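A.B. asks: Can you look at this prediction? I've put the sequence above it.
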Amino acid sequence: MGWGWWVQRQCSRWAPSHSFHWTLALMLMTWGGTWGAEAAQGGGGNNRGSECDVFRGSWVADQSCPLYNSSICPFVEREFACLRNGRPDLAFTKYRWQPLGGCSLSRFNGRVFLERMRGKKIMFVGDSLSRNQWQSLTCMLHSAVPNAKYNITRQDDVSTFAFTDYGVKLMLDRNVFLVDVVREPVGRVLKLDSIQGGKLWMGIDMLIFNTWHWWNRRGPTQPWDYIQEGKQIYKDMDRMVAFEKALTTWAGWVDANIDPAKSKVFFQGISPSHYNGTLWGEPSARSCLGQKQPVPGSTYPGGLPPAVSVLKGVLSKIKKPVVLLDITNLSLLRKDGHPSIYGLGGRTAMDCSHWCLAGVPDTWNEILYNLIL
């Protein structure tokens, strides 16, 4: 079997199917076991010899979107509930992602997802962007099976949404650096080569990791006082260097602990922010406030953030299979998708980092869905 999936998606109708050779940013080794998916060349059917990268494309208007009604999804927190918080326009909910090359994504089917994952545990590990994606998925699934029994629990930093009829657990581990922050006599220490938090990730069937947004924090919101690597303690260091070192520690954990026959590992990628209109060709814009349309086309004028290349460099060295959900470019094009003043802080805080729900994270999950079909 290969990574030549049949991928087709419209919000309201099926597109003509095309077989293709799937090109992922990083598929490093074979998945096997009960997942029944392997990395291989080519595909079957009417292969036209073209390659399809679902992460390259553009946003097209589709009035049948979104995939669920966020106003009746009880799990969306205020931080992401833009319409509930008073955002007056609906246009940002009326776009779907269209990959280039004549291919498209399979329409998300919550029942199929739950059956595919029956009896399994899915864990998102990371910061509030992981929570953004986690809450998106709970809404997508709940809207598909509104009468299914569920319960929500929390223990320490781990929240669990369980669909009890299917034995499926959607878990969220809030771990913003992936590596450890430990309180010691000297203060709070960010330990770049320690990952004791990984104990929570053992035995999980599907892991979706994420870290980046907290690495450049300074001042009162910086949650550490010192950085430690080995026996050396620093007051600070180049944040991109620290990010790379932490990712390397995480990669070592993956290689040492993941059994590809039992667990799938994804990395969410770098979710972008929109605070500088010059980067999308609108110099007068100092935030995402008032943005109502995506950036046209398939290329973001401001280019990719440097963290993307650092992440891909680390992922390229992992021996175990990890797939990058390369969502950066498709999300960069959605300057209209953020809460702005319709988020947690209201008019006292401008949020151009998180995403409204329904919204962009639904597409992240739709791509994830296609990868596990």
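C.D. replies: In hand now; what should we look at? Numbers count the residues shown, from 1 in each chain.
A.B. asks: Show me where this structure has its helices.
C.D. replies: 110-116, 128-144, 239-257, 306-315, 328-332, 360-372 (DSSP state H).
A.B. asks: would TSV of these with mean pLDDT, distance to D205 and mean neighbour count be doable?
C.D. replies: For every residue, glycine as well, the C-beta is placed using N, CA and C. What follows is the helices of the chain, written out as TSV (pLDDT from 0 to 100; distance: least, C-beta to C-beta, whole Å; neighbours: other C-beta atoms under 10 Å):
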stretch	mean pLDDT	distance to D205	mean neighbour count
helix 110-116	97	11	17
helix 128-144	97	15	24
helix 239-257	98	14	18
helix 306-315	98	21	18
helix 328-332	98	26	23
helix 360-372	96	10	23
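A.B. asks: and D53, which of these is closest to it?
C.D. replies: helix 328-332 (10.2 Å; C-beta to C-beta).
A.B. asks: where along the stretch 101-250 of the chain do the strands fall?
C.D. replies: Taking DSSP state E, counting those that start in this stretch as the criterion, the stretch 101-250 of the chain carries its strands at 121-126, 150-155, 158-163, 168-174, 180-184, 187-191, 206-209, 226-229, 232-234.
A.B. asks: Can you tell me how far K169 is from W355?
C.D. replies: 24 Å (C-beta to C-beta, to the nearest Å).
A.B. asks: no no, D193
C.D. replies: From D193 across to W355, the span is 32 Å (C-beta to C-beta).
A.B. asks: Which one's more surrounded, these two?
C.D. replies: Neighbour count, other C-beta atoms under 10 Å: between D193 and W355, W355 has more, with 28 against 14.
A.B. asks: Looks like the more buried one contacts S130 (just checking).
C.D. replies: No: using C-beta atoms under 8 Å, W355 is not in contact with S130, being 11.9 Å away.
A.B. asks: And the strands of the stretch 101-250 of the chain: which comes nearest Q98?
C.D. replies: Of the strands of the stretch 101-250 of the chain, nearest to Q98 by C-beta to C-beta is strand 206-209, at 23.5 Å.
A.B. asks: Partner strands of the closest one and their direction?
C.D. replies: strand 121-126 (parallel), strand 264-267 (parallel) (DSSP bridges).
A.B. asks: out of the ones you listed, nearest to G346?
C.D. replies: Nearest to G346 among the strands paired with strand 206-209 is strand 121-126 (25.1 Å), distances taken as C-beta to C-beta.
A.B. asks: how big is the angle separating the closest one from helix 360-372?
C.D. replies: Taking axes from the mean of the first three to the mean of the last three C-alpha atoms, to 10 degrees, one finds strand 121-126 and helix 360-372 inclined to each other by 130 degrees.
A.B. asks: if I look at L90, how far off is W134?
C.D. replies: 24 Å.
A.B. asks: quick one: contacts of stretch 231-238?
C.D. replies: Here stretch 231-238 makes contact (C-beta atoms under 8 Å, 6 or more residues apart in numbering) with V186, V189, Y226, I227, Q228.
A.B. asks: hang on, I meant stretch 71-85
C.D. replies: Applying C-beta under 8 Å, 6+ apart, the set of residues contacting stretch 71-85 is 70, 90, 92, 128, 131-132, 135, 138-139, 142-143, 152, 161, 339, 342-344, 346, 351, 354-357, 359.
A.B. asks: What are the buried residues along it?
C.D. replies: Within stretch 71-85, the residues scored as buried using 16 or more other C-beta atoms under 10 Å are C73, F75, V76, E79, F80, A81, C82, L83, N85.
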